[in-house]
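Asks: Show me the folded form of this:
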Amino acid sequence: MEAMPATPPVPISELSYEQARDELVHVVGELEQGAETLERSLELWERGEALARRCEEWLIGARARLDAARAAADGGDRP
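Replies: Sure thing, here's the model as predicted:
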């Protein structure tokens, strides 16, 4: 797996679901390969945890939007 660019990481709060998911896949791959230092492994783990939370936030938000749309549709069918 190729290394990520040396640019500072984008704040997780600014990532789309797809960006967070893709970066999480990369982080997991790098952890599986074994980082060169314990410090790097810890950094990757912490970033991965934060990315997983971000993905979960997006999915919870999407679920809420779907539930609201379904509720509105159900309410629209009633007289």
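Asks: burial of Glu43, as a residue count?
Replies: 14 (other Cβ atoms under 10 Å). C-betas here are computed from N, CA, C, even on glycine.
Asks: Return the per-residue confidence for Trp58.
Replies: On pLDDT, Trp58 comes in at 96.
Asks: Might one say that it is in contact with Ala20?
Replies: Yes - judged on Cβ atoms under 8 Å, Trp58 makes contact with Ala20 at a distance of 7.1 Å.
Asks: who has more neighbours, the two?
Replies: Neighbour count, other Cβ under 10 Å: between Trp58 and Ala20, Ala20 has more, with 23 against 16.
Asks: Leaving out the residues flanking it, which one is nearest to that one?
Replies: Leaving aside its sequence neighbours, Ala20 sits nearest to Arg54 (Cβ to Cβ, 6 or more residues apart in numbering; 4.3 Å).
Asks: From Val27, how far out is that neighbour?
Replies: Between Arg54 and Val27 the distance is 12 Å, computed by Cβ to Cβ, to the nearest Å.
Asks: Name the residues of the lengthiest helix in the chain that are buried.
Replies: Across the chain, the longest stretch assigned as helix under DSSP state H is helix 38-76. Under the neighbour-count criterion of 16 or more other Cβ atoms under 10 Å, helix 38-76 has 44, 47-48, 50-51, 54-55, 58 buried.
Asks: Quick check: the residue nearest to Ala20 touching Ile12?
Replies: Yes - applying Cβ under 8 Å as the test, Arg54 and Ile12 come out as touching, 5.0 Å apart.
Asks: Now do the shared contacts for these two.
Replies: Between them, Arg54 and Ile12 share these contacting residues under Cβ atoms under 8 Å, 6 or more residues apart in numbering: Ala20.
Asks: Stretch 9-20: end-to-end distance?
Replies: End-to-end distance of stretch 9-20 (Cα to Cα, to the nearest Å): 11 Å.
Asks: hmm, who's touching that stretch?
Replies: Under the criterion Cβ under 8 Å, 6+ apart, residues 23, 47, 50-51, 53-55, 58-59, 62 lie in contact with stretch 9-20.
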